[in-house]
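Trainee: Compute the structure for the input listed below.
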Amino acid sequence: MEITIFLLGIFSLLILFQYIRTYRDLVKERFRTRSISTKYGKLTEQFLPLVDSYPWDPSTFRFMGSPIDGIQFENDKVIFVEFKAGDSKLSRNQRHIRDLINSGKVTFEVIRIS
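Mentor: As a prediction, this is how the structure comes out:
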């Protein structure tokens, strides 16, 4: 009887350790998948101004990457551009930048280095 309880305890610990290992591996795989997706998205964003549906001259687009994808320079305006796919939403920081721009809180500064 005591040996059965002991073996049951050992078996339970082995199952627990296997569960922990599997869960840890799953978390690592989710992180890796998300990381690959993020890298693919950042790479793709650099080429989006070159697609036919891009509405402005791609030669005057400057890629930034973060916190917004880039800036489009036109003769009569400067456009901050963020590319989004599907139903993806602006981040909190991107919404804040959008709101600052929309409220006119954008300036141009010249910094002189001696």
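Trainee: drop to CA atoms for contacts and neighbour counts, all remaining ones
Mentor: OK.
Trainee: Now do the strands in this protein.
Mentor: Remark: strands assigned in the chain by DSSP state E are 61-63, 70-73, 78-81.
Trainee: Can you lay out those as a markdown table showing distance to Ser37, mean neighbour count and mean pLDDT?
Mentor: Output for the strands of the chain, formatted as a markdown table (distance: least, C-alpha to C-alpha, whole Å; neighbours: other C-alpha atoms under 10 Å; pLDDT from 0 to 100):
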| stretch | distance to Ser37 | mean neighbour count | mean pLDDT |
| --- | --- | --- | --- |
| strand 61-63 | 19 | 18 | 93 |
| strand 70-73 | 20 | 18 | 95 |
| strand 78-81 | 20 | 14 | 96 |
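Trainee: closest one to Lys39 among those?
Mentor: When the strands of the chain are compared by C-alpha to C-alpha, strand 61-63 sits nearest Lys39, at 15.2 Å.
Trainee: and that closest one, which strands flank it?
Mentor: Based on DSSP bridges, the pairing partners of strand 61-63 within the sheet are strand 70-73 (antiparallel).
Trainee: got a list of contacts for the partner strand?
Mentor: Strand 70-73 is contacted by residues Trp56, Pro58, Thr60, Phe61, Arg62, Phe63, Met64, Val78, Ile79, Phe80, Val81, Glu82 when judged by C-alpha atoms under 8 Å, 6 or more residues apart in numbering.
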